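1. 3D model of this:
(one chain, ligands or ions: 2)
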Amino acid sequence: MANLESVWKEAEERLEQSLPSAKRQWFDRISYCGENDGKLILSLPSEFFRDNAEKSCGDEIRNTIEAIAEESIEVAFIVDSNAKPAARKKAASAKPQKAPEAPASKNTTLNKAYSFDNFIAGDNSSFAFNAAKVIAQNPGISYNPCLIYGGVGLGKTHLLQSIGNYIDEHNPKMKIIYVTAESFTNEFINSLSANQASAFKAKYRNVDVLLIDDIHFLQKKDQTQEELFHTFNELYDNHKQIVLTCDRPITELSDITDRLKTRFRKGLNVDLQPPAYETRVAIAMQKCRERNYSIDSKVLEYICQNIDTNIRDLEGALTTLSSFASLVGKPITIEIAREQLKNFIVSPAIRNNDITIDSIIRKTADYFNVTDYDIKGKSRNKNIILARHISIYLASKLTSYSLSEIGKSMNGKDHTTIMHSVDRIKSLLETDESIKTAVSAIESDLTGF
Ligand code: ADP
Ligand code: MG
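-> Ligands and ions are numbered 1, 2, ... in the order given. Model prediction:
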């Protein structure tokens, strides 16, 4: 019989790496309690946590423990209000984990969670989406190579993986490799140091479909570029399908050899643009369905109106809200969403640079019942000094002016004085409720948030 405490320690480490953040809120409350008759006992601080932890990650915990111990071990979850959960590493990110519970494909480089069926195509993406489908239906024949480019979180990996999954399903004999340019590079380096360069070459030159994600990573990696150049030629000459993604158009890639750029530009280049509001709502609804989140449609609309940069942020917002809702056991209102999504949502006023230093001074002066002139001046009156510090703090937070520029607008104060004011308010914000109230009232007056 394995030592259960060490089995649990190892399981904890593995699960910290693999559990999606939505499950971490439950997992992080678990502590090791002991063993009894070969049974591993884990405790949670209340019934509420016990039930949710067991429901959300019980299976992963049992499977991981079994895999480590190489035998079946009974796991019991009990309530112990004094239990102190172990300090855990932070969840990988507040952003959603990529398709955490997706069943693995027989082709281990593919992630089955990404498919054409769960990609919502809008005007921003229909060209890329249709091209990807045509490629998947006729690999090596239609558009070869194909490059999908666009900003972060817009669905490049999703489309690339969908191509792989579609081919894998319809042409199971085809050899498909999905690889990020980063892994390709690391694998190449490792193969060199292990004297296995020929195995590396053979691996990548003997596929039917090569999907390389994020080729911008290859910038400045000369030897990897050289290797990819030969791999590319070999595959291309043999009519094997190559699909690449990049965060920008090839013409804007620097530090990539011209001959490789020329290869990338052959075939078809398609772009992904940020989705319009209606597409964002459709995607958000789809994500909620997939993940069983129940978020009111008014709140969904609020999120989609305010997060328009990319889908990854949209997903992050949905995960944050749904975790919050299950933790507090309350439905999400727009007010809660506004509060919880502060890190995701940038007010339109800030985004459009509508906030000026003068408008900050004016609002702060109003709040403290002093004049603009007082704030810009040299008075040592306590109330005025505080208003001055707050205006400076807000100017550094809400505008893109540098500290010296802010100093100039405050009747020529130097940049260390400005820095001092910013630091002063930052530290007061941590301790003083009345300052917090004042700052957030003036800020929301300025931003409309
Ligand atoms: P990129 O590779 O461009 O950075 P990803 O493909 O990783 O972006 O997309 C980020 C997240 O957004 C993924 O979870 C993906 O499933 C989702 N996503 C992006 N675009 C769409 C879309 N049009 N429909 C559904 N989900 C999308
Ligand atoms: Mg990607």
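2. hey, C-alpha coordinates of stretch 17-29 in PDB?
-> The C-alpha atoms that make up stretch 17-29 are tabulated as PDB, following Å, rounded to 0.1, in the frame of the first residue of the first chain:
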ATOM      1  CA  GLN A  17      -1.100  22.300 -12.900                       C
ATOM      2  CA  SER A  18      -4.000  20.800 -14.600                       C
ATOM      3  CA  LEU A  19      -7.300  21.900 -13.000                       C
ATOM      4  CA  PRO A  20      -9.000  24.800 -14.700                       C
ATOM      5  CA  SER A  21      -9.400  28.000 -12.600                       C
ATOM      6  CA  ALA A  22     -13.200  27.500 -12.200                       C
ATOM      7  CA  LYS A  23     -12.500  24.300 -10.200                       C
ATOM      8  CA  ARG A  24      -9.600  25.800  -8.300                       C
ATOM      9  CA  GLN A  25     -11.900  27.700  -6.000                       C
ATOM     10  CA  TRP A  26     -13.100  24.400  -4.600                       C
ATOM     11  CA  PHE A  27      -9.900  22.400  -4.900                       C
ATOM     12  CA  ASP A  28      -8.000  25.100  -3.000                       C
ATOM     13  CA  ARG A  29     -10.100  24.600   0.100                       C
END
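3. and it, how far from the chain's centre?
-> 16 Å (C-alpha atoms, centre = their mean, to the nearest Å).
4. just the buried residues of that stretch, please?
-> Residues of stretch 17-29 classed as buried by neighbour count (16 or more other C-beta atoms under 10 Å): 19-29. C-beta coordinates here come from the backbone N, C-alpha and C atoms, glycine included.
5. again, but for stretch 409-425
-> Neighbour-count burial for stretch 409-425 flags 409-410, 413, 418, 421-422, 424-425 (criterion: 16+ other C-beta under 10 Å).
6. and for stretch 129-141?
-> Within stretch 129-141, the residues that qualify as buried are 129, 131-136, 139-140, counting by 16+ other C-beta under 10 Å.
7. after the biggest helix by length in the chain, next one along is what?
-> In the chain, assigned by DSSP state H, the helix with the most residues is helix 47-69. Per DSSP states H and E, the first helix or strand lying C-terminal to helix 47-69 is strand 75-79.
8. name every strand pairing with that following strand and say which way it goes.
-> Sheet pairing of strand 75-79 (DSSP bridges) gives strand 39-44 (parallel).
9. what's next to the strand it pairs with, contact-wise?
-> 4, 7-8, 29-35, 50, 53, 61, 65, 73-80, 83 (C-beta atoms under 8 Å, 6 or more residues apart in numbering).
10. residues from the stretch 51-200 of the chain in reach of ligand 1?
-> Residues of the stretch 51-200 of the chain lying close to ligand 1 by C-beta under 6 Å from any ligand atom are 118-120, 125, 150, 152-158.
11. rerun at 5 Å
-> Counting by C-beta under 5 Å from any ligand atom, the residues of the stretch 51-200 of the chain close to ligand 1 are 119-120, 152-158.
12. run a quick neighbour tally on the closest residue to ligand 1 within the chain.
-> Taking C-beta to the nearest ligand atom, ligand 1 has its nearest neighbour within the chain at Gly155, 2.8 Å off. Residues near Gly155, counting by other C-beta atoms under 10 Å, number 26.
13. with distance to ligand 2 as extra columns, can I get the residues of the stretch 51-200 of the chain next to ligand 1 in TSV?
-> Shown next, in TSV, are those (distance: C-beta to the ion, whole Å):
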residue	distance to ligand 2
Phe119	13
Ile120	17
Val152	7
Gly153	8
Leu154	9
Gly155	8
Lys156	5
Thr157	3
His158	8
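14. please pick the buried ones from those residues.
-> Among these, those scoring as buried are 119-120, 153-158 (criterion: 16+ other C-beta under 10 Å).
15. contacting residues around stretch 419-432?
-> Here stretch 419-432 makes contact (C-beta under 8 Å, 6+ apart) with 388-390, 392-393, 396, 403, 435-436, 439.
16. likewise for stretch 259-271?
-> Contacts with stretch 259-271, where a contact means C-beta under 8 Å, 6+ apart, come from 127-128, 131, 143-150, 215, 218, 225, 228-229, 232-233, 236, 242, 244, 246, 249-250, 253, 256.
17. so which bits of the stretch 51-200 of the chain are right by ligand 2?
-> Listed as neighbours of ligand 2 in the stretch 51-200 of the chain under the rule C-beta under 5 Å from the ion: 156-157.
18. how about the helices in the stretch 51-200 of the chain?
-> For the stretch 51-200 of the chain, helices defined by DSSP state H, counting those that start in this stretch occupy the ranges 126-137, 156-170, 181-193, 197-205.
19. can you put those helices in TSV and add mean pLDDT?
-> Output for the helices of the stretch 51-200 of the chain, formatted as TSV (pLDDT from 0 to 100):
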stretch	mean pLDDT
helix 126-137	96
helix 156-170	97
helix 181-193	95
helix 197-205	94
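20. ranking the ones you listed by burial, who's on top?
-> helix 156-170 (a mean of 22; mean count of other C-beta atoms under 10 Å).
21. what's it packed up against?
-> helix 126-137, strand 146-150, strand 176-180, strand 209-213, strand 241-246 (3 or more C-beta pairs under 8 Å, 6 or more residues apart in numbering; DSSP states H and E).
22. the nearest residue to Lys376 once chain neighbours are set aside is in what secondary structure piece?
-> Distance criterion C-beta to C-beta, 6 or more residues apart in numbering; nearest residue to Lys376, sequence neighbours excluded, is Asn411 at 4.6 Å. Taking DSSP H and E as the definition, Asn411 sits outside all helices and strands.
23. can you give me the domain boundaries for the protein?
-> Domain assignment for the chain by automatic domain parsing gives 4-91, 126-272, 277-345, 350-447.
24. by mean pLDDT, show me the worst of those.
-> Sorting the domains of the chain by mean pLDDT places domain 4-91 lowest, at a mean of 82.
25. work out the gap between that domain and the centre of the chain.
-> Worked out by C-alpha atoms, centre = their mean, domain 4-91 lies 26 Å from the chain centre.
26. likewise for stretch 341-355?
-> Taking C-alpha atoms, centre = their mean, one finds stretch 341-355 lying 19 Å from the centre of the chain it belongs to.
27. who are the neighbours in contact with the residue of the chain closest to ligand 1?
-> Gly155 touches 119, 125, 128, 272, 311, counting by C-beta under 8 Å, 6+ apart.
28. now do 6 Å
-> Leu272 (C-beta atoms under 6 Å, 6 or more residues apart in numbering).
29. same question for the one 5 residues further on.
-> Shown in contact with Leu160 (C-beta under 6 Å, 6+ apart): 211, 213, 243, 245.
30. so how far is Gly151 from the residue nearest to it when sequence neighbours are not counted?
-> Spatial nearest neighbour of Leu160, excluding adjacent residues (C-beta to C-beta, 6+ apart): Leu211 at 5.0 Å. Using C-beta to C-beta, to the nearest Å, we find Leu211 at a distance of 19 Å from Gly151.
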